[in-house]
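Undergrad: model this:
(2 chains)
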2 protein chains.
Amino acid sequence: MLTQDKTQQRKWKPIIKLFEAIVGKRGVVQRKEELLVYECDGLTSYRQRPALVVLPRSTEEVAEAVKICDRHNLPWVARGAGTGLSGGALPVEDCVLIVTALMRKILNVDLENQRVVVQPGVINNWVTQTVSGAGFYYAPDPSSQIICSIGGNVAENSGGVHCLKYGVTTNHVLGLKIVTPEGEIVEIGGQVPEMPGYDLTGLFVGSEGTLGIATEITLRILKAPEHICVLLADFPTIEAAGAAVSDIIGAGIIPGGMEIMDNLSINAVEDVVNTGLYPRDAGAILLVEVDGLEVEVAENKQRIAEICKTNGSRNITIESEPEKRLKIWKGRKAAFAAAGHVSPDYYVQDGVIPRTQMAYVLKEIEALSDKYGYRIANVFHAGDGNLHPLILYDNSVEGALEVVEEIGGEILKICVKVGGSLSGEHGIGSDKSCYMPEMFNETDLDTMKWVREVFNSKGLANPGKLFPTPRTCGESAKVQNVKQFEGAEVF
Amino acid sequence: MLTQDKTQQRKWKPIIKLFEAIVGKRGVVQRKEELLVYECDGLTSYRQRPALVVLPRSTEEVAEAVKICDRHNLPWVARGAGTGLSGGALPVEDCVLIVTALMRKILNVDLENQRVVVQPGVINNWVTQTVSGAGFYYAPDPSSQIICSIGGNVAENSGGVHCLKYGVTTNHVLGLKIVTPEGEIVEIGGQVPEMPGYDLTGLFVGSEGTLGIATEITLRILKAPEHICVLLADFPTIEAAGAAVSDIIGAGIIPGGMEIMDNLSINAVEDVVNTGLYPRDAGAILLVEVDGLEVEVAENKQRIAEICKTNGSRNITIESEPEKRLKIWKGRKAAFAAAGHVSPDYYVQDGVIPRTQMAYVLKEIEALSDKYGYRIANVFHAGDGNLHPLILYDNSVEGALEVVEEIGGEILKICVKVGGSLSGEHGIGSDKSCYMPEMFNETDLDTMKWVREVFNSKGLANPGKLFPTPRTCGESAKVQNVKQFEGAEVF
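TA: Below you'll find the model as predicted:
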């Protein structure tokens, strides 16, 4: 009798040959030990090995690979750099993982019209690097920007520190070449922002791999600001920092970025990065980046400093020199990693609230921390109300993850209750699909599913993501094959 | 034997009763002479009388009215204020026109979170009027802003002078309550900008009434800038003005608005409005509005003035006082109307080009003017490459309209050829649907049609708009009933 592995191998052999004919032998990963790294994305708490990995190099190769999946009813999942935090690129059982890691060409740079065309595997930061010499940059800047890919940013509609002023990924994508789940190549959007017809580009950005895969992405680049400065202000309480944020926005100032870190985060960061800049006794710190003309920055930083003082800030550090600015930001950028140092594991949540609800929601999070007995660090994009509570836990303690997920779910419910959202920038993925009914009623979700149906009628593209399936929430990330794949030809 | 009118009346009588049961007798317009004003929108060259007009007052009334249309297979067209320029609200034969003129409530004003919820019939300018006392405004400002409705703005994704810096309607709509063509009420988007799932709000904005009708619209309002000034610079040629625009953007300045008017427009405006400010001998003038902090405006206006001088400007007027600013803008705002005074009729085209192609495209437009022997005035949103050529003609001359439409079509083809777009802000409507294949291939259009199919499966919502039907272009605006309505129950 054959072992289970052997049976699997026999089943997949003819399929692998088909893929090899398109991307070559080196473009297909099938050995168990090599597949290990593809078992999860940045949401490491759930893992599922794909049946195989395919690495195409061009739009045409992607289209051919997707056609094989379509023809043989194979579920498939697209993956960029695998840094996503909502499990959007988590494989499903017996799926083909289409990885864009070899599609790393910058196809066109048009400085005059301020746009760059890239393949999806291009790393976020490369775009800015490519155009920075000429005084341009690409605005969306997730914390993972030195390793995450533009394709993944498009799928999850990624944000970042500077999205308060400049908008998230969808505001910077002019057009796309996509491969639909049927393997058709379609161009949507264009080179100019104004396009007639339905805004399919906007529809596609943030669709988390359920409508197809982007193979060419036209990005808008911005002129780098003349001057930048960063303010670091401490506050006795997180509420006081929040009040300062409201007053800054209320004064009509839109800073490049506005971040709050609470006492727990400050100390975690100082333990690990040792910036020496973040006062360990502060209830919270506020980081504000101001950009624009030198005169404008000069005036705004004065006004912001005054607002911070009025709200109880004792010390305000202001830096303009690039190196000193980076030093201030270093702690914030390392906040998630620092949480991993002060606790064996951490779970990062991503929710949005109206700014006016900040004090209330933070109190509720504190209450949850007390109730469940888990420490929760708060680091967030304060300007746009995008919270990132970090729940610290130990995964080796049985049942801990389940409790942490419950806390995460409670936080999301509070966000939705006050008129906010389930996700600011990390996406729904497999992690939060079960919470979608908190935010949308059945008619709303049906409407979205109808749209999915148009592109992804067989449900083969990233099954089980984004939308709730009839499972309990605790199982949310353990994505199982759905019924329709039972009849897949090769099995 | 009954007259045709009598036969019609008999056919519609039971249907009218159904509508009257929902919106009352006064909510249904059916008398021939009263229907006259609903025969066309701002694109006055084509007219079609609707069978009847229904004026609902609430989401529920709209839903019930749409359900009647769905049940009885009646084509229906939504209409706001009827100021659209692409014939998006042009009735089709035997259709029900659903007019939102009585839905004029501002439902909620939330200054703290900077949002306003309105019914679709609310006039664009009212939003700013409502919040201006508290220092806020609504950014999208079509020329028609004192008469056009927010619902129409949503349908056509309207722009305006200030959309260069602040974006078009889609960038300012946070969420919508819509009635689908099946009469279902669906909420899409929300109160915060970040929403998970598919961006159906973005999909709906600009869908020109083909996906349903928006009945509640949540708008984002902005803090009014501290300081505003307007520069008026003259140039020897339109190319020189265009070069100044490129240099301003290239210098990293994004003005609130940037408008070019050519010599023909200048003289038309001076003939009619007599501002005394626009030099009649200039090849072109450039109007630039700069907003922000006082120090920022002060520096930017200096830099812009220098750039204009470098590009050959002789005289530059700069005004900050509100009244003087308005005086400078008055001529630009009256440009379309002025064209109507210097010529019996005019046709306004709306196309977009990459800024770098401006000189080439303007030369091509000039060549078309020479070739066909029609004067073409150029007034445009120069910053974002949104051209508005005004073709002057006399509709009483037989065949003139056809020639003008041909010229308009040629202009659009040039826009698309250089990588631009068929419409910047007026929409496709019935006027330009036949040019969609210039911009999109069959697969692209099919993808859009699949999406339409999801919402509008019977094709009853605004039939014949946005997408090309198999007709020649000359007939584009003469929308006829399409086959599927032949079986409509009531006929």
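Undergrad: what helix or strand is A:T201 on?
TA: helix A:200-204 (DSSP states H and E).
Undergrad: average model confidence for that helix?
TA: What helix A:200-204 shows for mean pLDDT is 95.
Undergrad: How about residues contacting it?
TA: A:154, A:170, A:173-176, A:178, A:188-189, A:195, A:211-212, A:214, A:451, B:170, B:198-200, B:202-203, B:447-448, B:451 (C-beta atoms under 8 Å, 6 or more residues apart in numbering or on different chains). Any C-beta I mention is one placed from the backbone N, CA and C, and that applies to glycine too.
Undergrad: So which of those belong to strands?
TA: The members of the contacts of helix A:200-204 that map onto strands under DSSP state E are A:V173, A:L174, A:G175, A:L176, A:I178, A:I188, A:G189, A:A214.
Undergrad: distance of the last one from chain B?
TA: Using C-beta to the nearest C-beta, to the nearest Å, one obtains 14 Å as the distance from A:A214 to chain B.
Undergrad: now swap in A:Y138 and tell me
TA: 15 Å.
Undergrad: Pretty sure that residue sits against A:T218.
TA: No - the pair A:Y138 / A:T218 is not scored as a contact, 11.9 Å apart, by C-beta atoms under 8 Å.
Undergrad: got a list of what A:Q349 touches?
TA: A:Q349 neighbours (C-beta under 8 Å, 6+ apart): A:L387, A:H388, A:P389, A:L390, A:I391, A:G408, A:I411, A:L412.
Undergrad: show me where the stretch 1-150 of chain A has helices.
TA: Using DSSP state H, counting those that start in this stretch, the helices of the stretch 1-150 of chain A run over A:4-23, A:32-35, A:59-71, A:124-132, A:150-156.
Undergrad: what pLDDT does the nearest residue to A:I106 once chain neighbours are set aside get?
TA: Nearest non-adjacent residue to A:I106, counting by C-beta to C-beta, 6 or more residues apart in numbering or on different chains: A:V118, 5.3 Å away. Here the pLDDT value assigned to A:V118 is 98.
Undergrad: measure A:V118 to A:V66 for me?
TA: As defined by C-beta to C-beta, to the nearest Å, A:V118 lies at a distance of 20 Å from A:V66.
Undergrad: ditto for A:E226
TA: 45 Å.
Undergrad: In terms of packing, which of the two has more residues around it?
TA: A:V66 (28 against 17; other C-beta atoms under 10 Å in any protein chain shown).
Undergrad: And the pLDDT for that one?
TA: The model's pLDDT for A:V66 equals 98.
Undergrad: Repeat that for A:T447.
TA: pLDDT for A:T447: 91.
Undergrad: and it, how many residues sit next to it?
TA: For A:T447, the count of nearby residues is 22 (other C-beta under 10 Å).
Undergrad: May I have the phi/psi pair for the closest residue in space to it that isn't next to it in sequence?
TA: Closest residue to A:T447 apart from its sequence neighbours, by C-beta to C-beta, 6+ apart: B:V186 at 5.2 Å. Taking degrees, to the nearest 10, you get phi -130, psi 140 for the backbone angles of B:V186.
Undergrad: residues near B:V186, how many?
TA: By other C-beta under 10 Å, neighbour count at B:V186 equals 21.
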